[in-house]
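Asker: got a predicted structure plus its sequence, pasted below:
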Amino acid sequence: MVPVSHVLALSVILFGLGAAGFIVRRNIITIFMCIELMLNAVNLAFIAFSRYLGDPDGQIFVFFVIVVAAAEAAMGLAIIIAVQRNRQTLSIDDLDSMKL
Amino acid sequence: MIAPLFYIFAGLAIVAALSVVLQRTPVYSALSLILVLCSLAVIYLLLGAQFLAVIQVIVYAGAIMVLFVFVIMLLNARQESPTDHSLFARRLGLPLLAVFLAEVIFVVVGHFSGTVFAAGATFDGGPGAVGGLLFRNYVLPFEVTSILILVAVMGAVVLAKKQL
Amino acid sequence: MITVQASDFIRILPQEILSAFAILVMVFEPFLPSSRKVVLGWFSLLGVVAAGAAAVRTSYSLGPAFNASIAADPFSIYFIALFLLVAALCLLGSFNYLQRDNINHGEFYALILMGTVGMCFMAASTELIMIFLGLEISSLSTYVLAGFKRHDGLSNEASLKYFLLGSFATAFFLYGIAFVYGLTGTTNLMTLSERLSRTGTGGTPLLWVAIVLMFIGLGFKVSTAPFHVWTPDVYQGAPAPVTAFLSVGPKAAAFAVILRIFLGAFHAVGSVSFQMLWLSAILTMVVGNLAALWQSNVKRLLAYSAIAHAGYVLVGIAAGSAEGVSAVLFYLTVYALMNVGAFILIAPIAGTGERALRVEDYTGLGYTRPGVAACLTVFMLSLGGIPTTAGFLGKFYLFRAAIHAHLIGLVIVAVLTSVVSVYYYLRLVVVMYMREGQPQATSEPLPLALRVALATSVIGIFVLGLFPLLLKKKGEAEASPRHTKLAQVR
Amino acid sequence: MIWLSQHPLSVLTFLPLAGAAVIAFLRRESADRIRGVALAFSLATFALALKLFLAFSPNQPGMQFVEYRPWISSPPIGYHLGIDGLSVLLILLSAFLTPLAILASWASITSHVKEFFLFLLALETGMIGVFVSLDLFLFFIFWEAMLIPMYFLIGVWGHERRVYAAVKFILYTMAGSALMLVGIIYLYTVTGTFDLEVIEGLVAGGFAGLSGSAQTWLFLAFFLAFAIKVPMFPFHTWLPDAHVEAPTAGSVILAGVLLKMGTYGMLRFCLPLFPQASREFAPLIVVLAIVGILYGALVAMVQPDMKKLVAYSSVAHLGFVVLGIFTFTMAGIQGAIYQMCNHGVSTGALFILVGMLYDRRHTRQIKEFGGLATTLPIYSAFFMIVALSSLGLPMLNGFVGEFLIILGAFHVRVIYAVLAAVGVVLAAVYLLWMYQRVFFGEVTNEKNRKLPDLTDREKVILVSVVFVILWMGVYPQPFLRRLDLSTAHVIHRVKHGPASYALQRTPPPAEPAR
Amino acid sequence: MATHSDLPLLLLMTLAKVVVVLGVLLTAIAYIVWMERKVVAHIQSRWGPYLVGPHGLLQPLADALKFLFKEDIVPDEVDRPIFWLAPLLAFTLAFLSISVIPFGESITIAGHTIPLQITDLNVGLLFVLAVTSLGVYGVALAGWSSNSKFPLFGGLRSSAQLISYELSLGLAVVSVVLIAGSLSLREIVEQQRGLWNICKQPLGFLLYFTAAVAETNRTPFDLPEAEAELVGGYHTEYSSFKFAMFFMAEYANMVTVSCLATSLFFGGWLGPVFGPPLVRSLLPVLWFALKVLAFLFVYIWIRGTLPRFRYDQLMGFGWRVMLPVALLNVLGTSLIVAWRSV
């Protein structure tokens, strides 16, 4: 069997990559995708724990996270479309009209 | 059988996740992300969560990511141009993040070192089990989700529709 | 099979009523011409009032509901009442604004109601899943509301930044939950608290990691430093009544969650969460207040002030006592009154399209619009913590709790930064009364609804400033006898 | 009505606020009616204060006219009022100066008249409230709340750099009082009450909850707030700005009353509550006070601006007061209290006089004047009397206070007395030199030739002031008599520290029932 | 659950099944194309392919050769990796979902009972839905990577269409699942021994089939490749073998959808069974094949007779008619199921 810690390590690595991408990337769609990556890392952790504890409740959480991710995606992409429509840019660096 | 498959797909997931982060073209990132999602679905399956594995593919890969790809195409997002606006964030944020996550890994691995998954006799990841829980113990969250989705629908319409 | 009883539904009655009204608003929306959409606003207000009545009803049948995933306890009733107050004030403050800026869509009201529902769920839930869902409902509503001026670049930008950073934070919060779950095998706060104290897993580093992760997530929501970076941009870009809503509502809700989780469920863990709160409080107060000094845009200025106020609240939470909790509850109400008041007042001053937002635009306002200026002055003084206003008593209670807990250094930082804050609050007063010139601000008379909202805030500020016990007694009931009871249901 | 007569202090405190409320409902255009109402209320307050002063029994120890009423039950904050000899004098001073300030701004304030008088009356409530509060919390509320009207008075109706001055004023004071708030809350957490008398009793009884170092820190927290308010030497920089930029009424109240709050606070709180710390810090404070006296005097001497000169003279005079307090002698403290009143009257009068000149010429530069004695004889005469009072000429009020203080200092150390005396001489130098340059000699500036002399209203103001100056100089007994017990009490507390004082003069108010 | 000792054998058998199914399917596809050309020709009073082999029976082979040996044109501006990936994805996914469809009961060879199905997942139906939901990518990415106007529009249209109709499709399937109480296709088929689901779910079937036609981009829903407006739609820029992959994917999808319809509504392999054991186990496969063939014929028949929708009509129909009806159907079904179980 696979040790629990290996699954969790995978989860942390994915989470970290997502967070790093959030910081590094400039395209808002990519940034958003990095958030999705983080959510997936969370889900993996939940499933690993759920399996580890022999307790199916953790799966429920994953279910809700997926639902929320879907809702967020719909919303986020709508926001991105609205931004693109008004500002003609997808780069987070161009969205700085409010500094002071 | 399970262990090698796990390591193969874990490796695939990491490589694909790296690709999500490093690709400059959003479509490539999206495709890499789909790959991550599918690898994870396989890992879910290996961990006994069949229902969620399938849901992962249907909802995540099949709906959410389609939406992403769709928007990328709609907005015709090509390669992003590198800028140094974020230099501060990179210089400060990345090392901090790295340290923090290294610590987390250290703690997690330390905490669970040596433990393996119990033989999954008590664990049922099929649709029946999940559905049963959902409608018995978690009926309120389930119903509340409908409000969430209503908000999301409303929000998406408000923000993205050309004429209200 | 499914064991849901009638009492379960009574215990979430306010949320149900709000949701029902929100849906009705959506149903009626297409049948009203654009000019008469304000009817929906009044209808939503009716919904808020009805929910208030429902909260009273709920308070007579306290207890856990839906498999202990949610609790109707004094704590949640208090917060629900607070959210309803905020929603009502924001609704009153938005009618005219929406019409004037030509964004008079019924969805606005529905989203405000939905956001309130989410916040109510956050405060009432004793189950991390429910807290998470509540958080998401309120967040998604406010993301849209922030971008409600669809054709305005700033509003879009605000919405986007709020969304991206909010989701980022949510991921952290969730990850924290995952670790808590992995460690204890439960996501129910009551069970969690029991298991933590029984098994003594309190000290494991993994739990610390979980706590830190959750705190990062919630820290974004309440905008504590260094997770505050989104706040000024979002507050500036969002339509002013929305800023009023999101500067108070989600923040208070997140504080409710922090109280429930950190003082309720994790109280056995102690030191780590305390260190974190302490550090974060100091950073937040210093960063918020110092940054506010350089702002020339009123909304940004108030945004930094809102950050600073989160720091003050953290002082009360760091105290970690029942006294601290009661002080926090009191302070949040006070904060709601003054901050909502200030933001909904900014809207009519700024005029169509929110043009007059610089501090200089307020020049001479004290003489051209004495009433408006007087209200704004009251809000500023209260935010600055000048006695006889509720802002002072709020801070006083927080500091008292902290000193009781021997956090004197923290309190000294707090009082000194609040002196600094007086400087920037008074800048507005200075330009309104002490500078000559014609104000850039518009001079259309205030609509009735806004007057009602402002009067409520101003009167509330003074009444609470002089007779805090009208509310404080309630706050104490919520927090007593021991804060550990927070997560439990009497 | 019976209720009103039974609660004289509440009535006294809130009467001006009632006046402010009345003004709030008057129409903006009827400026004269507003002025009239303001004057009427301030005079009524003064009458009440006078009645209170006369009714105050000099032989009865402890607080008089005590009112107690639970206000906020958690934490137990009481609406606790009461006065002793110290406060009754200062209340009288406040009530006396306010009508003068109103009269002095009768004609000079023409814009936003309504708000001006509204704030002025609100300010009076704040001042009296500070002096009557026997609950630390209540005291703090009045102490802070009072800043707001003052801030507006300076900021709206002041001179060129008014905004700067107003903000500086409020920030300095708040910075000090913020720490005091921490001190107050800490004191509460240790003793469980905000009631001054209860805490004092505890401290006097050798209360164990207050360790030596805690006492030191608390003393510093309180003292800093008061020292900034006084202002003592290194914290004085807000004062010249505020005084100079404030309108006449503002300067009068600021110099006349607000500065006294600092010294009042030292006497009321620092000394009795933290006797040990007070004794420890006394030498340092005395030195600072003397530095303040000399520094204030020297700087005053070179000021080209009359108002600034008066402002710096305040620094010097308040140095005297602090010196007197920290001698811990009967003479020193009595002198200090007396000097507080003197300074209030004479410096207030000086500001009024400078204000009158400013109304006529719109300048305060000394070099702009000269030979005014010929064009404005009555004015010059009044100015002379007031200046002499300020520099401490025997037979006038200033002398009594300064003499007593120097006497007290002499008991502690001779050198203190000598240096303080040098300060008196310097005061004579800068005041008389200024007087000489402004009033004597030929009229050098043509603009000064046609100046009108005092109006009747101005004469009323100045006559009343001079009357008080003379009375206080010639017959200080009624004032000093009322101070005896209070002073003795303070000295006893500070000298004998937490050692032996067990006498509970007034029973502490019972813990309020829920 | 397989124990470890069975594992190699199991793998071997699975592999064999994959090879067989794939072979059959590929051939089938080839001849469906032939059938389509013939049927449409006859509907239009023509002869159709007639030259290569008797009745043009070798025509598919000729087509395949042509596809293989034609020049593979890759335009300059395309996004090469994705341009490659898209047809591959479409092709693979189309063939993947067939793996859970049971085409017969079981066959016993050398003492081993082999179910006539590649894998029997307990979430089999969901697996099919999952795989079909991924099908969008092939089309969308093809349109995108071509970096050309018409393919992009075609790709976008197709994505929108697939997403829209997938909902109705899923909901129609849900009503069947509600009745069956299982997600395993084998079980669903077994339960239809008494009565085919088409009798219980006529509306469901109608919805399913309509949505299925739309899902496979067939006429009258073939907007993504509407020649009149979009030249060739998403595969305008494709040629040679890559085009063939799209082509085969489309037909494979048709087969899958027909298989699914058969299993869900028409009793799958069920039918009269008689004869010796081998025949007994092969007859169900025949029934299954015939039912599927019938569906394919209907497909072609529709293509031959119905005109194409306009794009807004298509979307409107999907969201305003199909979805509400499907929802009502689910609601009604669940009420009946609930009422029965009380």
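Answerer: Right, received. Where do you want to start?
Asker: please count neighbours and contacts with C-alpha atoms only from this point.
Answerer: OK.
Asker: got the buried residues for stretch B:11-20?
Answerer: B:12-14, B:16-20 (16 or more other C-alpha atoms under 10 Å in any protein chain shown).
Asker: now for these: which two are most distant?
Answerer: With C-alpha to C-alpha as the measure, no two of the buried residues of stretch B:11-20 lie farther apart than B:Leu12 and B:Val20, at 12.1 Å.
Asker: which residue ranges of chain B form helices?
Answerer: In chain B, the helices defined using DSSP state H lie at B:2-22, B:26-46, B:50-55, B:65-74, B:87-88, B:94-112, B:127-136, B:139-160.
Asker: any chance of those helices in TSV, plus mean pLDDT and distance to E:Pro87?
Answerer: Formatted as TSV, the helices of chain B follow (pLDDT from 0 to 100; distance: least, C-alpha to C-alpha, whole Å):
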stretch	mean pLDDT	distance to E:Pro87
helix B:2-22	90	21
helix B:26-46	90	14
helix B:50-55	87	23
helix B:65-74	86	16
helix B:87-88	65	40
helix B:94-112	82	38
helix B:127-136	83	33
helix B:139-160	91	31
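Asker: for these, give me TSV that also has distance to chain C.
Answerer: Formatted as TSV, the helices of chain B follow (distance: least, C-alpha to the nearest C-alpha, whole Å):
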stretch	distance to chain C
helix B:2-22	15
helix B:26-46	16
helix B:50-55	16
helix B:65-74	15
helix B:87-88	13
helix B:94-112	6
helix B:127-136	5
helix B:139-160	5
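Asker: element containing D:Gly408, please.
Answerer: helix D:397-412 (DSSP states H and E).
Asker: check C:Thr388 too.
Answerer: Applying DSSP H and E, one finds C:Thr388 in no helix or strand.
Asker: ok, D:Leu218 touching D:Gly183?
Answerer: Yes: using C-alpha atoms under 8 Å, D:Leu218 makes contact with D:Gly183 at a distance of 5.4 Å.
Asker: starting at the chain centroid, how far to stretch C:119-128?
Answerer: 14 Å (C-alpha atoms, centre = their mean, to the nearest Å).
Asker: where does the stretch 1-150 of chain C have low pLDDT?
Answerer: Within the stretch 1-150 of chain C, the ranges that satisfy pLDDT under 70 run C:1-3.
Asker: which stretches of it form strands?
Answerer: Counting by DSSP state E, counting those that start in this stretch, one finds strands in the stretch 1-150 of chain C at the ranges C:63-65, C:70-72.
Asker: out of these, the one nearest chain E is which?
Answerer: Across the strands of the stretch 1-150 of chain C, chain E has its closest neighbour in strand C:63-65 (25.2 Å, C-alpha to the nearest C-alpha).
Asker: what sits against the closest residue in space to B:Ile105 that isn't next to it in sequence?
Answerer: Distances taken as C-alpha to C-alpha, 6 or more residues apart in numbering or on different chains put A:Ala9 closest to B:Ile105, at 5.9 Å, once the chain neighbours are dropped. When contacts are counted by C-alpha atoms under 8 Å, 6 or more residues apart in numbering or on different chains, A:Ala9 touches B:105, B:108-109.
Asker: then C:Gln275?
Answerer: C:Gln275 neighbours (C-alpha under 8 Å, 6+ apart): none.
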